[in-house]
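Chemist: Next come a sequence and a model predicted from it.
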Amino acid sequence: VKGLSIGSPYRLRPVVGVKLPINASFTPLIYMHNPHPEPMQ
């Protein structure tokens with residue numbers, strides 16, 4: 001699988017280099033930066 005990415009104001013990072021067996025679950029923690037004064041929902 002290949003893809004492209006662009007910069008994100010939310011400072012999200014791509015998930016790369018992960019090798020999983022077939023039918024495995026993957027639930028990484030996602031950290032987001034809020035660049036806006038209002039809280040996200």
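Modeler: Everything's here; your move.
Chemist: Need the pLDDT of residue 1.
Modeler: In this prediction, residue 1 carries a pLDDT score of 80.
Chemist: neighbours of it, just the number please.
Modeler: By the other Cβ atoms under 10 Å criterion, the neighbourhood of residue 1 contains 2 residues. Using the backbone N, CA and C atoms, a C-beta is placed for each residue, glycine as well.
Chemist: Ok, the one 5 residues further on next?
Modeler: Under the neighbour criterion other Cβ under 10 Å, residue 6 is assigned a count of 4.
Chemist: could you measure it against residue 16, distance?
Modeler: Distance check for residue 6 against residue 16: by Cβ to Cβ, to the nearest Å, it reads 15 Å.
Chemist: Which residue ranges of this protein form helices?
Modeler: All residues of the chain lie outside helices when identified by DSSP state H.
Chemist: residue ranges with poor pLDDT in it?
Modeler: By pLDDT under 70, the chain contains no weakly predicted segment.
Chemist: Compute the distance between the spatially closest residue to residue 33 that is not a sequence neighbour and residue 23, please.
Modeler: When the adjacent residues along the chain are set aside, residue 33 lies closest to residue 11, with 4.0 Å between them (Cβ to Cβ, 6 or more residues apart in numbering). Between residue 11 and residue 23 the computed distance is 31 Å (Cβ to Cβ).
Chemist: now residue 36
Modeler: For residue 36, the distance to residue 23 under the criterion Cβ to Cβ works out to 38 Å.
Chemist: same deal with residue 41?
Modeler: According to Cβ to Cβ, residue 41 stands 33 Å off from residue 23.
Chemist: go on, residue 40?
Modeler: Taken as Cβ to Cβ, the span from residue 40 to residue 23 is 32 Å.
Chemist: repeat for residue 10
Modeler: 30 Å.
Chemist: Give me the more crowded residue out of these two.
Modeler: Regarding residue 10 and residue 23, a neighbour count based on other Cβ under 10 Å identifies residue 10 as having more, with 13 against 5.
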